[in-house]
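Novice: need coordinates for the below:
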Amino acid sequence: MNRLFSKMAFAVAVLSAGQAHALDSMTRNGNLLAAGLPVVAAGLSMANGDVEGLTQLVKSEAATLVIVEALKSSTHQMRPNGKDDKSFPSGHAAVAFSAAQYMQMKGGWEYGAPAYLAAAYVANSRVEAHEHRWRDVVAGGAIGALTTYYFTDEASQRRLGMSFTGRSGYVQFQQLFK
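Specialist: Predicted structure coming up:
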């Protein structure tokens, strides 16, 4: 178990090494969390011997990235900082919320609540860095959570759902009664 967490920590350190150029600590931490949440989710699945869950996580993250990149390429929304026209939706938020939704579905609120807080930090860091607007991170988060909801079989009878219709959205918690 210690070897697994050592490997996960090493993977996060390697992923964060490329973020050394970040402008401030919030941006750097947000980038680290965006890369680290899927690594932690994968590590939890491996630690529990959940190979099927790991496959579901990979499918969820891959589908999330495909959808995000397709939308970025077709919408051409300029970033608030003017860097390029790839603002909508936020890939960082999408990946983070995908991992958070996975941890919630597989581990319940004990894992999901902290993961969702970390994903919210990622989303906020992208807005504060002027890389995205709030609509970009909300859309990215919804894409990530919904693709994971589609691809992942939950481990418990508890489920968090997110729905966005038009200009409104809601979060719903479900628990089956016995």
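Novice: list the buried ones in the lengthiest helix in the chain?
Specialist: Longest helix in the chain by number of residues (criterion: DSSP state H): helix 51-75. For helix 51-75, burial by neighbour count (16 or more other Cβ atoms under 10 Å) applies to 53-54, 56-57, 60-61, 63-65, 67-68, 71-72. Placement of C-beta: from N, CA and C, glycine included.
Novice: what sits up against that helix?
Specialist: Residues from elsewhere that reach helix 51-75 (Cβ atoms under 8 Å, 6 or more residues apart in numbering): 38, 41-42, 45-46, 86-91, 94-95, 98-99, 101-102, 106, 139-140, 143-144, 147-148, 150-153, 155.
Novice: try stretch 130-141
Specialist: 68, 71, 77, 79-81, 83, 87-94, 96-97, 119, 123-124, 126-127, 164, 169.
Novice: quick one, strands of the chain?
Specialist: 158-165, 168-175 (DSSP state E).
Novice: can you flag the weakest of the ones you listed by average pLDDT?
Specialist: Sorting those by mean pLDDT places strand 158-165 lowest, at a mean of 59.
Novice: tell me the confidence at Asp50?
Specialist: Asp50 carries a pLDDT score of 89 in this model.
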